[in-house]
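1. Got a predicted structure here, sequence first:
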Amino acid sequence: MRTLQQPSACATTGVRTETVVGAVGAVPVPVPVVRDLRERAGHGPRRLMFARGDVVVVSGLPGSGKSTLMGRAATGVRTIDSQDVRERWDARAPRLVPYALYRPLVRLAHYAGLYRVLRSGESVVVHDCGTQAWVRRWLAREARRRGRGLRLVLLDVSPEVARDGQRERGRGVSGYAFARHRRAVGALVRDAEEGRLPAGCASAVLLDRDAAGVLREIGFEGE
């Protein structure tokens, strides 16, 4: 079922329901909603508002602008970005120690912090690289445990734009790793375009670079 929708100027994501009639009567079944904000030439909404307690996942290619978007639009709410953890470890590590040696510790610290926030029940915006399906399944379980939804914000930019973004920040990924990201994120985008979302994901918003650029707030109702 294709569920692409064009939202109004101020987009609030949610879950549409349809009725499935069976032998025991009508049962409301959540249907994932996909809102496509691409190709609006910078005239998309400035706010994305979610329900209090939701888990919002920002995903896309390395260099697509995930951390930039979160840093600009998700101020005032709880955010979890692995890049923040890496920068804290980079500041403490001796200059001659390569990142590859302490990368496992950075990842452990990142997931430990994410676990604590998820268990707290707080609304949260999470940076996601797009390749770790198990992380999205974990987030979906935690959102379901607290009776809230997992929401996907997906940045759809070209590989060339993403590579430029990596050069601008002075940090890139290997060709092999980038190819893995391209396959994973490409599959996410194609599935979202057809209304198919990762298991447990209640809704998704598709953004291109222009749509991401005009966003000024990612927040939660009542916070």
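-> The structure has been received and is ready for your questions.

2. Show the low-confidence segments of this protein, by residue range.
-> Scanning the chain for pLDDT under 70 picks out the ranges 1-31.

3. Give the other helices and strands that the lengthiest helix in it contacts.
-> Across the chain, the longest stretch assigned as helix under DSSP state H is helix 99-120. With contacts taken as 3 or more C-beta pairs under 8 Å, 6 or more residues apart in numbering; DSSP states H and E, helix 99-120 sits against strand 79-80, helix 82-92, strand 124-128, helix 133-145. (Glycine included, C-beta is placed from N, CA and C.)

4. what are the pairing partners of the shortest one, and which direction each?
-> To tie it back to what came earlier, the one meant is strand 79-80. Strand pairing for strand 79-80, determined by DSSP bridges: strand 124-128 (parallel).

5. residues in contact with the partner strand?
-> 55-59, 66-67, 70, 74, 77-83, 114, 117-118, 135-136, 139, 218 (C-beta atoms under 8 Å, 6 or more residues apart in numbering).

6. From those residues, list just the buried residues.
-> For those, a neighbour count by 16 or more other C-beta atoms under 10 Å gives the buried set as 55-59, 66-67, 70, 74, 77, 79-83, 114, 117-118, 135-136, 139, 218.

7. buried stuff in the helix or strand containing Gly213?
-> According to DSSP states H and E, Gly213 maps onto helix 209-214. Residues of helix 209-214 classed as buried by neighbour count (16+ other C-beta under 10 Å): 209, 211-212, 214.

8. and the most centrally placed residue in the chain, how far is that from Arg136?
-> Residue closest to the average C-alpha location in the chain (C-alpha atoms, centre = their mean): Val58, at 1.8 Å. To Arg136, Val58 is 12 Å away according to C-beta to C-beta, to the nearest Å.

9. if I look at the residue nearest to the centre of the chain, how far off is Arg46?
-> 17 Å.

10. hmm, back to that, will you turn the helices and strands packed on helix 99-120 into a markdown table that also has distance to Arg103?
-> Shown next, in a markdown table, are the helices and strands packed on helix 99-120 (distance: least, C-beta to C-beta, whole Å):
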| stretch | distance to Arg103 |
| --- | --- |
| strand 79-80 | 17 |
| helix 82-92 | 8 |
| strand 124-128 | 16 |
| helix 133-145 | 16 |
